[in-house]
Every structure is written in C-alpha cells, then in structure tokens.
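Peer 1: Give me a model of this one.
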Amino acid sequence: MTTLNPLLFPFFLTFTILSSPVLSASDLILAKVDRRIDLTSQIVRITTSLKVENTGSDVVSEVLLSIPENQANHLAYLTATLNEGKGKVKPSASAGVGLPVEVVHPKDAPPSLTFYSVSLPKGLGKGNSLLLDVFAVFTHILKPFPEKISQADIQLLLFQESAQFLSPYAVKVQSLTVKLPDARIESYTKLENAKLQGSELKYGPFENLPPFSYSPIVIHFENNQPFAVAKELVREIEVSHWGNVQVTEHYNIVHGGAQSKGEFSRLDYQTRPYLRGASAFSRLVARLPPRAHSVYYRDEIGNISTSSLWGDSKKTVLEFEPRYPIFGGWKTAFTIGYSLPLRDFLFGSDGKRFLNISFGAPINELVIDTLIVKVVLPEGSSDITVSAPFPVKQTQETKLSHLDVVGRPVAVLEKNNVVPEHNVHFQVYYKFNSLSMLREPLMLISGFFFLFVACIVYTHADLSISKSSASYLAKLQWDEVQATIQQVHSIISRCLTTHDKLEASLRDLSRTGDIQACKATRKSVDSSLKELSKELKQPLAVLQSSPQAAQILPKVEDLVAKERELQERLVAKHTTVVDCYEKKLGGREIENRIASHQQKVTALRQEIDDLMDFIDEI
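Peer 2: This next block holds a predicted model:
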C-alpha cells in the first residue's frame, strides 16, 4: 500500500468556504452522521444517516443539505426519508416517495456549494430529534487515471470526496465508510483515523466538527466493472387496445471508462479475456417486465443470435452480446423490442384510461445521458396528461401509422442523467371512445372494396403502350443504361475485393515475414486489375455514347478515377512495405513511411463507398 501521489492533488476542487460569509446561525446540530459510499460500479451511491437535533427555541420545518458544486452538476437522484431508527420510514404525506427536496439559495451561501432543502412533514420542536436518511446518486464523477490504457491494462479510477461531512450545521460525531469493488487499491489519502479493511475504507470517527468542515481525500482504485453509458436512449411504448403494448428501445451506447489505446487483438481477448480485456464488457443483461414475449435484439446489421432469454412470474431476463467487446471509448448501437399484455399495464379511473409502466431502461447499471420516452396512444385519444414521480420535460407530437387518418397522439417525456433508481412507474392518462376501435376495420374493408373495383376497371381497360412510341423507346434506352451502370458497379466491386487481397498480403507479411509470398500476391493482383480495367472499357463506352446517361456519367467517371487513384496508392504502399522488410526496418519506421499513403487510402476508400452507394440507388 502506498500513500497518495502528490501529483493527484490538482484534481481537487478549490473551495472558497473559509473566505465566504457564513450562513445565518441555525439551532440545528447533527448529533450523529453515518455515511456510506458505494464505488462498486460506475454509479456512485452515497447513503447518509443523520440524527438531527433542535437545540433552539423555535420550531424548525426544514433541513439543509450542501453538496459541492462539481458534484451537484452530476447529481442524478436525491431522496430523503424519515427513519424510526430500525430501518422503518415514518408515515408522512410523502411516505414511500421521500420527503420534498428542492434547490434553495440561502443568503450569504458559499458560491462553491449547492444547497437542497428537505421539508419536514411536521416541525421539529425544541429539544426534539429525528433520524433522516439521505440517498444520493451521482454519475460521471469517477475519473479514469490514467485516462488511456492498453488492452492488457486494468482500469484505475480516481474518486474525490471529503472525509468529513460537508454541512452547514455543526456535527458531534461522524464516520465514513467507502465500499470498493475489490480489495486492491492503488493509493488513498491517509488521515490519522483511516483504516482499510478488505474492500472497505473507513475514515473516522470525527468529533465536534464545526459547520462546513472539509477534509479532502482522493482514492485511486481498480474498477473493471462495465462502464456502459447510453448517450441517447429512445423508448417507444405503443399502446394498442386490441390487447398489446409494444415496447421498442433504441440504444446508442459507449464505454465511458478509460479510453483504449493501441491495437486490439481478438486472439488475446478470446484466450485470456480477464487479462487482455479486463475493463471491456462483452455482454449486457436487461430485466424486462414479467410475461414479456416476442422479444428480439438486433443491431444495424441485423438480428443477433448470441442472446438468451428466460424468466418466471416476477421477471423476464434477456442476456445478449454485442458483435464485439466494448473497450473504453468504443461505441455500439442496437435495438431491443418486446411485447407486453395490455391488461397488466392499462387501467381505468374516473372516466379515463391510464397506462402505468416503468420509465427507465431495463439494462443493469446503465447510465443514460439523455432518455426520451415516447408513449404512442391509439388514434382518437384525447385529454392526455402525464404523472411522473420526478421532473421531466413534456411535449406532444403525432405519429402516422398504417390505416391512420389523423395520426396517433404521442406523449414525449425527456430527462437527462438517468440512473436505475429512475426505473419506476409513471402514468399517462387519456380519454378514448371505444367506438373509435371500429375505425381501422372499416377502413380496411373500404380499402379492399376499392381495390376490387380498381381491379375490375383495370381488366376492362386497354392501357397498352405502342412499342413504336417515343416513351417506350426511351424506357428501353434507360433500361440499357441501368444494366450498364450495374455492370460498372460489379466490376468496381471486384476491383475493391482485389484491393483487399493486396492489403491482406501485407498483414500476412507482418505476421509471417514471407516476402516472396507477398510479392507473388502482388503479381497476381496486378494481373487481375489489368483484366478488370479491360472489362471496364466497354460499359464506359456505352455510357459515354448514350444521351440517357448524361446526368449519371460524371459520377461513374469520378468513381473510375477514384478507383484507379486508390490502385496507385495501394501499390505504392505495398512497394514501400516490401522494401522496408527487405531492408529489415522496424515497425515504427514502416508506419512512418506509409502514413501518408494510408491516410489517402482511407479517404479514397470512403469516397468510393459513397459513390458506390449513390450509383447503387440508381
């Protein structure tokens, strides 16, 4: 065990408490403060038990909490509840959901602190005391140190806090316990009463602390838990009165831990994943509601088979794997969809219907920077209101779906910095006339009727086009242009495949050192490219002579020119690498010599792909 490196101290927030005016004198004191900080995941959870005493003569109706501004900016969840002393919450107007908490701005408050007022359901009289449990959840306050690591490195994090409870009230006795994910710890601030026991770091007890006592500590520890952060999550909950609730969740996830540097070796990862990828995550677990069915998981390419689903009467668990392990800074995007029985989530009250469903994401320990929940109600719904247990931004929009006339109303809820504690139920109230359910069947019947009428009219009408007409001849010419363009597209695709063989020969050369095999591949590739170049002349000549191809011809010629320039760059890169190997130069020297070629190859390949996509849409 080592003491804290002095180089880490610049990470501390500079407080101006001592030089700021002191808050108005308060008759409250904190007789006992027990804090417990959980650092076992990327989400920091702080549980604080406060014994509050009123030593004055006036009745007190609120308790102030103070949080450093740099932490308050990352505060995701804050709740306070009264406790009887044995883990039981006292009955109150807000029992079950916590006491009212709001941001306040006390007079002469230190500018580096954010204050929260906890309203008490009953005033605290002279000489009385109460137990207050405060639970706070923070995101993005664990800082990777170092910020970049290689595949073989473990992930180390920095956590900054005060060993003493930062409060506007005097504290008689206070202790702090920090729960770490593992007993291994790089360094920590060693105060006189600090003690490390297994995976728990304890500070205190501290006695007779004046208001705004602050004792900075930094903990540098190992944490290889998945740092899955959803930069954006869009949940679409579509209600159908025919008995189904369809939920579709679009995830855009990034690894929020230490950035990955250097090359990635899949072989090392597969053989020793706990050593060559300890900080990466390769699987995610989503806890879906019970009786979820028709579950699917797919990414941008298509369906994923590496997933499993099981459940019971209380939950449905979906475990799935992205196509590749996610290292620091790496991203992935995918979609989860499932259906739920309508009777489990739709109810009636006072002439209205209301949907009662969970708000947050089902994936374990996921931090969501921006969560957008869209509740799509049946067409004809009106008088829509939303009841959420916490502040959210609310808007409304309309979604047009099959057989819709005016569209379906959509209640849109948006919230930033969402954690698993937000995965509670909210309600969407609306009015709906049951006769509106007949609208779509009637439209479907009408549609089939008009279809049959159109078929009768079509079979009795002569709509043929003379084969000698100008429009028919123009169509034939355009069909010929399209076929020629597809021929060019096919030849260029074969050229790109041949380029890949040339690139593959360089990778084989770096692995085996066989220069002769690399040269042989080069000779074969040169021959193939010459043949393909000859094949390309005929379709180009056809396009150049056709008036119908006048608009698309510049794009085709640009594509051919880019492909030839790419050939030249790849050949130059190949020649340079082979020469370097013959001269037995080092890997760094080779990279420096081909850097300009590689940069241009990447740019050209992207331009060619864009042109290929454009031509493919013709």
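
Peer 1: Tell me the confidence at the spatially most central residue of the chain?
Peer 2: In the chain, the centroid-proximal residue (Cα atoms, centre = their mean) is residue 230; its distance is 1.3 Å. Looking at residue 230, its pLDDT is 96.

Peer 1: gap between it and residue 172?
Peer 2: Counting by Cβ to Cβ, to the nearest Å, the gap from residue 230 to residue 172 is 43 Å. C-betas here are computed from N, CA, C, even on glycine.

Peer 1: Can you name the residues that contact the nearest residue to the residue nearest to the centre of the chain once chain neighbours are set aside?
Peer 2: Excluding its sequence neighbours, the residue lying closest to residue 230 (Cβ to Cβ, 6 or more residues apart in numbering) is residue 368, at 4.4 Å. Residue 368 is in contact with 229-230, 233, 360-361, 417-419, counting by Cβ atoms under 8 Å, 6 or more residues apart in numbering.

Peer 1: The residue nearest to the centre of the chain and residue 360 touch, don't they?
Peer 2: No. Between residue 230 and residue 360 there is no contact under Cβ atoms under 8 Å: 10.4 Å.

Peer 1: Common neighbours of those two, please.
Peer 2: Here residue 230 and residue 360 have 368, 371 as joint contacts, going by Cβ under 8 Å, 6+ apart.

Peer 1: With distance to residue 118 and secondary structure as extra columns, can I get the contacts of residue 368 in CSV?
Peer 2: Shown next, in CSV, are those (distance: Cβ to Cβ, whole Å; DSSP: H, G, I helix; E, B strand; the rest coil):
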residue, distance to residue 118, secondary structure
229, 30, strand
230, 30, strand
233, 30, strand
360, 24, coil
361, 28, coil
417, 21, strand
418, 23, strand
419, 20, coil
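
Peer 1: can you give me the helices in this structure?
Peer 2: When assigned using DSSP state H, the helices of the chain occupy the ranges 69-72, 266-271, 439-459, 470-512, 515-545, 553-582, 587-616.

Peer 1: My read is that residue 384 contacts residue 410, right?
Peer 2: No. Counting by Cβ under 8 Å, residue 384 stays clear of residue 410, with 9.2 Å between them.

Peer 1: list residues touching both of those two?
Peer 2: In terms of Cβ under 8 Å, 6+ apart, residue 384 and residue 410 are both contacted by the residues 377, 396.

Peer 1: what bits of the stretch 251-400 of the chain have low per-residue confidence?
Peer 2: In the prediction, the stretch 251-400 of the chain carries no residues with pLDDT under 70.

Peer 1: any idea where the strands of it begin and end?
Peer 2: In the stretch 251-400 of the chain, the strands defined using DSSP state E, counting those that start in this stretch lie at 259-260, 284-288, 293-299, 307-311, 316-320, 331-341, 346-349, 352-358, 367-376, 382-387, 393-399.

Peer 1: Against which helices or strands is the longest one packed?
Peer 2: In this case it means strand 331-341. strand 244-255, strand 293-299, strand 316-320 (3 or more Cβ pairs under 8 Å, 6 or more residues apart in numbering; DSSP states H and E).

Peer 1: Paired strands for it, with orientation please.
Peer 2: Applying DSSP bridges, strand 331-341 is found paired with strand 244-255 (antiparallel), strand 293-299 (antiparallel).
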